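Colleague: Sequence first, predicted model second:
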Protein chains: 2
Amino acid sequence: MVRKTKEDAELTRESIIDAAREAFLARGVSRTTMEHIATQAGVTRGAIYWHFSNKTELFLAMRERVLLPLIDRMDDTLLVEGSDDPLTRLENFLCGTIQQLNDSAETRQTYEIMMMKCEYVDEFEPLLQQIHSTCSGIHEKMLTIYERAKNKGHLHDNQNPGDLAMDTHLFFSGLLHMWVKDTNGTIFRHQAIELVKSHIKLRRKPA
Amino acid sequence: MVRKTKEDAELTRESIIDAAREAFLARGVSRTTMEHIATQAGVTRGAIYWHFSNKTELFLAMRERVLLPLIDRMDDTLLVEGSDDPLTRLENFLCGTIQQLNDSAETRQTYEIMMMKCEYVDEFEPLLQQIHSTCSGIHEKMLTIYERAKNKGHLHDNQNPGDLAMDTHLFFSGLLHMWVKDTNGTIFRHQAIELVKSHIKLRRKPA
DNA sequence: TTATATACAAACATGAATGTATGTAAACCC
DNA sequence: GGGTTTACATACATTCATGTTTGTATATAA
């Protein structure tokens, strides 16, 4: 089993990423060795070093595969004006993210790794900066949403968009953490959607 | 420098925990070696192995030193009926936790380690279970608070205590994460207290 | 006062992971 | 279809952390 076609090589590359995710999830990033990943993927360490220069790059590749689509979806759901009012769009975005976690095991596992199975030090510290800028992006979009809602008179009069946006952001951050931590899904996950709806309802002024 | 008195020994033990915290914070738990900790503490690995059987026990000792007081404070602030009304007690508890983080570098650093510089796998996985039960404890106490607030007519009529308690819990979880992640304190920390007040205000029915 | 346990330091033995260097057969290009 | 590059497998060298064992001076207890 030696030189494969270009497409085969791409397949092994992807399968190495999959194997890395499984290994990271089971043993944590630092305790996972290249040998573990190789065994899981059914290749040798040589193959991994051919496609990736080290474990960090593998981690980043795994991460990007689920994070990039998320950012895209965010813009579409939140900012593009459709038939729904702003608060409904916000609710849809939050529920859609939960749904995405429900549907995709890859997304689920990657989030679990990023939240509980890796250490943000040294080469991983820049990621914190990156996460933070993603967060400000989310916050700004939520702020826009709440401003539009306010202009349309959908909010109670004493609520200001800035605080609401941050409150929702923090709520959702907590929600995601809790959702992911409930790994067997018996404790929290079933009520996540309801909580989102209840959170939004708290803001909406009855018409 | 050999055999010390009992009190001296206790001092070295504590200084080893301090050194471990500094080391964990700088290099992450898994990349921190016993040698790093020893150097930081000004002892040899022999001393550490005398006081702790391995790195995991050291980590647990560091953790308990800040977590146990927190649990105690929680009961006192939240459940003991005083002159304040339930929602105010809740606000005081949340603000008090922020204040605790502000005041104690040890607490701050330990939280940062637990949130971003360790991996919850193998021997560390039981901690997740423990964290979860602490969380349900918090949630139940918040639920009690909101039920009392409801009975006293402090809440809007369409708000039910269960959802409110979870919403606050998730908000606060997100808040803590954000607070801790803002390590240099320039982006988020200054507005944390305001956000807590705004969060509570959202629930309080004007008298 | 002497024996013993304590609180470490120093030395040792072992294992394991990383990165690189080399080998190789098949795909790809001309 | 022959040379070159690709996509790996295999072998090697090095580094490094861990846990244990041994040594030792002193506090402490009898």
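Modeller: It's in. Residues are numbered from 1 along each chain as shown, chains lettered A, B, ... in the order given.

Colleague: in chain A, which helix or strand is least confident?
Modeller: Every helix and strand in chain A was compared by mean pLDDT, DSSP states H and E; the lowest is helix A:55-79, with a mean of 91.

Colleague: which residues are contacting that one?
Modeller: A:16-17, A:20-21, A:24, A:29, A:32, A:34, A:37, A:48, A:52, A:89-90, A:92-93, A:96-97, A:100, A:104, A:106-107, A:110-111, A:113-114, A:118, A:123-124, A:127, A:134, A:137-138, A:141-142, A:144-145 (C-beta atoms under 8 Å, 6 or more residues apart in numbering or on different chains). C-beta coordinates here come from the backbone N, C-alpha and C atoms, glycine included.

Colleague: what about the closest residue in space to A:Glu112 that isn't next to it in sequence, helix or strand, and which?
Modeller: Closest residue in space to A:Glu112, ignoring its immediate chain neighbours: A:Val180 at 5.3 Å, by C-beta to C-beta, 6 or more residues apart in numbering or on different chains. Using DSSP states H and E, A:Val180 sits in helix A:161-181.

Colleague: for the helix or strand that comes right after that helix, packing partners?
Modeller: Following helix A:161-181 in sequence order, the next helix or strand is helix A:192-201 (DSSP H and E). If contacts are counted by 3 or more C-beta pairs under 8 Å, 6 or more residues apart in numbering or on different chains; DSSP states H and E, helix A:192-201 sits against helix A:86-103, helix A:161-181, helix B:161-181.

Colleague: just to revisit the earlier point, and the least confident helix or strand of chain A with helix A:86-103, angle?
Modeller: Relative orientation of helix A:55-79 versus helix A:86-103 (axes from the mean of the first three to the mean of the last three C-alpha atoms, to 10 degrees): 150 degrees.

Colleague: Quickly check: helix A:55-79 near DNA strand C or not.
Modeller: Yes. Applying C-beta under 7 Å from any atom of the strand, one finds helix A:55-79 in contact with DNA strand C at A:Lys55.

Colleague: How about that helix, which residues are buried there?
Modeller: A:55, A:58-63, A:65-67, A:74, A:77-78 (16 or more other C-beta atoms under 10 Å in any protein chain shown).

Colleague: just stretch A:145-153 next, same as before
Modeller: For stretch A:145-153, using 16+ other C-beta under 10 Å, the buried residues are A:145-150.

Colleague: Now A:Thr168: closest residue in space, sequence neighbours ignored.
Modeller: Closest to A:Thr168 by C-beta to C-beta, 6+ apart is A:Met142, at 5.6 Å.

Colleague: pLDDT score for that neighbour?
Modeller: According to the prediction, A:Met142 has pLDDT 96.

Colleague: residues near it, how many?
Modeller: Neighbours of A:Met142 under the rule other C-beta atoms under 10 Å in any protein chain shown: 24.

Colleague: Likewise for A:Asn54?
Modeller: A:Asn54 has 11 nearby residues by other C-beta under 10 Å.

Colleague: Look up how far DNA strand C lies from it.
Modeller: Distance from A:Asn54 to DNA strand C, counting by C-beta to the nearest atom of the strand, to the nearest Å: 4 Å.

Colleague: can you check A:Phe24 too?
Modeller: For A:Phe24, the distance to DNA strand C - C-beta to the nearest atom of the strand - is 12 Å.

Colleague: related to what we said a few turns ago, for DNA strand D, find the nearest of the helices and strands packed on helix A:192-201.
Modeller: DNA strand D sits nearest to helix B:161-181 of all the helices and strands packed on helix A:192-201, at 24.9 Å, using C-beta to the nearest atom of the strand.

Colleague: What is that closest one packed up against?
Modeller: The contact analysis (3+ C-beta pairs under 8 Å, 6+ apart) places helix B:161-181 against helix A:125-151, helix A:161-181, helix A:192-201, helix B:86-103, helix B:105-116, helix B:125-151, helix B:192-201.

Colleague: For these, state which one has the densest average packing.
Modeller: Ranked by mean neighbour count under mean count of other C-beta atoms under 10 Å in any protein chain shown, the helices and strands packed on helix B:161-181 are led by helix A:161-181, which reaches a mean of 22.
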